[in-house]
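Engineer: Next input, structure requested:
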Amino acid sequence: MKFNGYLATVALVTAATLTGCAASGTQPAPPRAAAGHAGTGAGVEVATVRGPRIAVYQRKGASSPWRDLASPNDYGAERVFLVERRDGEWLRVLLPIRPNGSTGWIRAGDVTLARTTHRVEVDPARFRFTVYDGARVLRTGKVATGRDGTPTPPGRYFFTELVRPPDPRGPYGAYAFGLSGFSPTLKSFAGGPGQLAIHGTDDAAALGTRVSHGCVRVGNADITWMAENLAIGTPVVVKG
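Structural biologist: Below is the predicted model:
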């Protein structure tokens, strides 16, 4: 598995079920039910693909699909989307493709819908992340972000998969959450697609600096907490 050039063997991929309340344990926990829009304290809908593939349309009601995406995804996680808008039987969703921020339309009948009030905000200027449950702060900590030549791009994303690297003392740390966005400068790197991630690190001293190829690094205690409490589909906002 490659996020922006770092290579890791996929030892575990977990897609949490998006129903009910947060629970303790060593697996990603379900987010809480709420109503609202991504990036607000009210929550957001997450769509999980029901079948082995899903048709994505550029316009609602279009006669032919624009894209066809498999589920599970390339890393073995259930395919999920962040819902931007509901219009009858159609849903406009945020897509895990280039360019960042791309959206498309899917049929509501092809997915299972759930809601989460959890979200992660990353502030590169302050080198901080904050995890919210609605308006309540659950956790905050230091981050490392991309270098000047390989910046961490601002935008709205979501978790696409959770991976436990084989060596928790390696460059990914204890866990890595894949993000739905990609590097703006690295179209490919070391055989990977330049996908962004939030992951742990074996170099805690680098937190608070611009050192990565675009990924967001956090401490191993923080990424472990995220793996135990946040689900695939959780929205992530990187401030500009």
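
Engineer: wait, doesn't Gly43 sit right on Asp133?
Structural biologist: No. Because the distance of 9.3 Å does not satisfy C-beta atoms under 8 Å, Gly43 is recorded as not touching Asp133. Every residue, glycine included, has its C-beta placed from N, CA and C.

Engineer: for the protein, longest strand please?
Structural biologist: Within the chain, and with DSSP state E defining each element, the longest strand by residue count is strand 136-146.

Engineer: In CSV, could you pull the C-alpha coordinates for it?
Structural biologist: What follows is strand 136-146 as a C-alpha-only set of coordinates in CSV (Å, rounded to 0.1, in the frame of the first residue of the first chain):
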residue,chain,number,x,y,z
ARG,A,136,-17.6,19.1,21.5
VAL,A,137,-13.9,18.7,21.3
LEU,A,138,-12.9,15.1,21.8
ARG,A,139,-9.1,15.2,21.2
THR,A,140,-6.5,17.6,19.9
GLY,A,141,-2.8,17.3,19.2
LYS,A,142,0.2,18.2,17.1
VAL,A,143,0.7,17.4,13.4
ALA,A,144,3.4,17.5,10.8
THR,A,145,2.4,18.5,7.3
GLY,A,146,3.8,18.7,3.8
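
Engineer: Buried residues, that strand. List them.
Structural biologist: Of the residues in strand 136-146, those scored as buried under the neighbour-count criterion (16 or more other C-beta atoms under 10 Å) are 138-139, 141-146.

Engineer: More neighbours: Gly43 and Asp133, which one.
Structural biologist: Comparing Gly43 with Asp133 by other C-beta atoms under 10 Å, the one with more neighbours is Gly43, at 22 against 19.
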